[in-house]
Structures are given as C-alpha cells and as structure tokens.
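Q: 3D, please:
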Amino acid sequence: MKLSIVSRLSLLYAVLLGITVVVVIVASSIALVVDLDSFSRSIVVAKHEEARVLVDQYRADGTSLKTAAPQIAGALSSIGLSVAVFDSHGNFLGGDKSIRPRLLSRMVSARFHQTAGASSNTTGRFAPGPFFFPPPFGSPPPPSSRGTFFFRSNGAAGPVPLPEPSNVAVVDGGYIAFQPSTPLLLVALIPYWRVVIVVAIVAMVISWLVGRFFAHQALRPINDLTESLNALAGGDFTQRRFIAPGGDEIGTLTAAYNDAAASVAQAMNERRETEERMRQFVADAGHELRTPLTVIGGYIDVLRRGAVAEPTIARQILGTMSLEKEHMRNLIDRLMRLARLDAETPPRVETIDLAELLRSQCDAARRLDETREIDYSVDGTDGVVGDRTELGEALWNVVENALKYAPDAPIHLRAVKTNGHTTITVRDEGPGMTESERLHAFERFYRGDQRGELTGSGLGLAIAKRAVERAGGSIDLESAPARGTTVTIRL
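A: Sure, this is the predicted structure:
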C-alpha cells in the first residue's frame, strides 16, 4: 500500500533522526574507547613502579623472580588487566601465558648485545638499529634509571635514556608484561549503549508523531486545494480563495491556484452571461423577425383571397410588404454586424484621421436631413488608433440615433484630447430620455417606451458599444427629459 505524503515525511524525519543517533553513538563509543584505552595505559604505567617494589620485596626476602612470579602476577592482575612475568631471556615464568609483547624480543636481544659488548670492550658499535637494554643482571637498577631503558646507535658515544614501553616493565632479573582487556572495554560500553538505544527509540517515536503533526499542518493547504479542484471537476465553479504564508513553495502554489480559480470563475461567469445574452438575443431576434414575417405572410394570404384583383388595395399591400421587407433586411444586417463584432477576430488597427471621420459622418447625416444644423470640431488631436470601419460604424449609429429620436434638433460632433485620451462626443438638443431609458439604452433590442411609430431594431447603440469596446475604449450616455442627449466615446 502506498503511503501518503504525510506518512512518508514522518518516516523520513524518524529515519534521519535514527541515522543521526547511530552516528552519534558510533562517534561517542569511539571516543569512549579511546579515553578508556588511555586510562588503561595510565593504570599500566602506574603498575610499573608497583611491580618493581614487589620484586624488590621478594628479593629482600631471598625469593627469586622465578619463584615469586605467580604471586607477583596475581598481585598485579586486576579486572580488565592481565599480567605475565618473564626472565631476562624472555622465558615465561608466571601469569597469563597468552601475553607475549612483540617488543619483548627486541628488548631481550638488546640486553644480550649490550652484555656481549661490555665483555669484549667494544666501542659500542653493535648491530644496526635501536637497542633497548636494562642494567646488568644481578644488580638493581639505579634510582635515576628506574622507569627508563637505554638506546644506543652505531657510533654513539654513550647510552641515551628513553621512557620504557607502557606495556612492559623492566625489573631486576626480568620483565613484567601488562595487557589491558579490549573486549572488557567493549563490555563496559554495553550499559551506555543500552541507555542510548532506548533514548533513540523513544526519540524516533516522538519524531514520528511530531513530524506527522507538522507535516499535516504544512500540507493542509494542499489538501484544501485538492478538495477545491475536485469541486471544480464536479462543476462547482464558485471561487474559493486560500491564504497561505508567502515565500515558500506552498505559498506560491496557493497563489497560482487562486489566480487560476479566479480566471476559471471569471470565464464561467462570462460564459453564463454570454449564454444568457445569446438566449435573450435569439429570443429578441426571433420576436423582431416574426413581426415582419407575420405581416408579409398575412398580406400574401389577402392577395391570394382576391385582393390582387383590386389595384388600389394591391398597391397598398405591396407597399406595406416592401416596408416590412426593408425593416427585416435592416434587422438582419445589424444582427450580422453584431455577430461580426462578437467574433474573436481582432480588429484591423490603423491610424484614423478624426477630422476626416467626423466630416464624413456630418456629410452623411446632412444627406438624410438637409435642413438640420449638423456641425463638427476637432481640438488638440489629429488622429486615433483603431479599426476605421468599426469606429465609423459606431459613430454613425450614434448619429443616426440622434437623427431619428431628436427630430429637427441640432447635432454637434466634437473630438478633443485630454489627459492623453481622445474623447468624441455626439450631442443633440432633442427631447432627451427618461432615466429608465438612459439606463437601458445600450441593451440589445431595447427601443424605449415612447418612440411612437418610429421604426428601428434597438441595436444601434448596442453595436456602437461593442465596436468601442473592441477598440479598447468606453462609451457613456447622458440625457434627461427636455435637456437633450450626449453620447461620449473615450479612446
């Protein structure tokens, strides 16, 4: 079974602590062994003088070293320390037979050569290498030489005193060897190991529990994010924001999730709004198209029932059908424009001459109403960046709206640059709009409550708004009854 991240992290903490404890135990054990070995050597060195005293006592009592060897070995032995007694030729006399220091043979050899050299009156040139020798047989070493032995090299003028080995004591008539028990030192560490291992096991268990708690706390944001992602996968697009301390990987992950969740929530809201607008759009378009189709279909039935035989009635019917046809064609054209503006195709960006754009709009408006006062002005700006066709269509829909709903009223177009932005205003001096009409003016298919018999689709300002938004600008409308209407486009 695969463990969770919390369990794996907890196990990792415990394992790391266990490794650390093992390293500490090994290092401390080595240090203790070294200290105990040094302590044992100090004890052995202290035993050297005790060994000489015992040998002197037995010699004073008339007991030879060979006879007293077992008693001397027994008196010097202790827990963790073995003793062996050898004569001057290196022969075992008593004690622990397993003890035979490697240095003993060299010391015996050196003693032999020293004696031979003294009897032949040589100059001290013996075999090459260092030689160790005690005082001559049968005479106690002088007080000044106890604890030392002598070194002679080729051509040396005389003996040079050096410290004797720690594991071999030079006594009158022979040697006493000491050997600390290394296994006993290791046995002495068993209580220490037992305590340390118990403490290590307890520490690892505590480390597991504490590590599990902190790992669970550290990974809680990830668990929350997982639950939220599962909710997103299940269709719940409600935005959930999580707050985590910044500066670490979890904080970065949380921030990335918040941004992604916000983007998804916004996209889903936009999708719902788009779907709602589309449903409303289809319903309104169907309603607007149904009216002229119903009228045309009704008049066709009238003509079929014999009205075509009446020239006057037939002309009236055909005229009405032609008007409804134009109305339907105009509606379809506007719907296609809206569909084009709603498409993802980016606009064709170019530099637009505002003076030329406003002049063309005024000329087109004057051709529709030659008697009306229509003027334009440009102040502080020469051009603007955008799609010439889309901005021209947006501006024309605003002007056409003024021509239609503000009859005989002057219309003023103006472009000005303020604070780095270009502002285009279309102001008429017509009857204005109510507050309710102003609030809904940019909604698709909205035509107001008091438009009488004026024809229209209610899409002009909606098209203008969408075109301006595609250019990265905004459009506002200010109006009040009897105070005219002003449409402001900011780019």
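Q: tell me what the strand or helix carrying Leu54 is packed against?
A: Taking DSSP states H and E as the definition, Leu54 sits inside helix 5-60. When contacts are defined as 3 or more C-beta pairs under 8 Å, 6 or more residues apart in numbering; DSSP states H and E, helix 5-60 packs onto helix 65-76, strand 81-87, strand 168-171, strand 174-180, helix 182-188, helix 190-233. (Glycine included, C-beta is placed from N, CA and C.)
Q: Neighbours of Thr345, how many?
A: Here the number of neighbours of Thr345 (other C-beta atoms under 10 Å) works out to 9.
Q: Could you look up the SS state of it?
A: Following DSSP: H, G, I helix; E, B strand; the rest coil, we place Thr345 in the coil state.
Q: Give me the distance between it and Asp387.
A: Distance, Thr345 to Asp387, by C-beta to C-beta, to the nearest Å: 10 Å.
Q: One more: Glu429?
A: According to C-beta to C-beta, Glu429 stands 30 Å off from Asp387.
Q: And Val22, by the same measure?
A: To Asp387, Val22 is 75 Å away according to C-beta to C-beta.
Q: Have a look at the two and say which one is more surrounded.
A: Neighbours were counted for Val22 and for Asp387 using other C-beta under 10 Å; Asp387 has more, 19 against 13.
Q: how about the nearest residue to the more buried one, chain neighbours excluded?
A: Excluding its sequence neighbours, the residue lying closest to Asp387 (C-beta to C-beta, 6 or more residues apart in numbering) is Pro347, at 3.6 Å.
Q: Over to Ser98?
A: Setting aside the residues directly before and after it, Ser98 is nearest to Ser82 in space (C-beta to C-beta, 6+ apart), at 7.5 Å.
Q: what sits against the one you found?
A: Contact analysis of Ser82 by C-beta atoms under 8 Å, 6 or more residues apart in numbering lists 95-96, 98-99, 178-181.
Q: CSV please, covering the residues you listed and showing distance to Ala203.
A: Formatted as CSV, those follow (distance: C-beta to C-beta, whole Å):
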residue, distance to Ala203
Gly95, 46
Asp96, 43
Ser98, 42
Ile99, 43
Phe178, 41
Gln179, 39
Pro180, 34
Ser181, 33
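Q: buried subset of those residues?
A: Buried members of the contacts of Ser82, scored by 16 or more other C-beta atoms under 10 Å, are 95-96, 99, 178-180.
Q: can you redo those as TSV with distance to Leu219 and pLDDT?
A: Below are these laid out as TSV (distance: C-beta to C-beta, whole Å; pLDDT from 0 to 100):
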residue	distance to Leu219	pLDDT
Gly95	68	89
Asp96	64	87
Ile99	63	85
Phe178	62	88
Gln179	59	84
Pro180	55	79
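Q: Check those residues and tell me the two furthest apart.
A: Using C-beta to C-beta, the two most remote members of the buried ones among the contacts of Ser82 are Gly95 and Pro180, lying 14.3 Å apart.
Q: Contacts only, for Arg212.
A: Applying C-beta under 8 Å, 6+ apart, we find Arg212 in contact with 6-7, 9-10.
Q: Point out where the stretch 251-400 of the chain drops to low pLDDT.
A: For the stretch 251-400 of the chain, the stretches with pLDDT under 70 are 343-344.
Q: ranges for the helices of it?
A: With DSSP state H, counting those that start in this stretch as the criterion, the stretch 251-400 of the chain has helices at 311-342, 354-368, 388-405.
Q: Please verify my assumption that Ile99 contacts Val83.
A: Yes. The pair Ile99 / Val83 is scored as a contact, 7.5 Å apart, by C-beta atoms under 8 Å.
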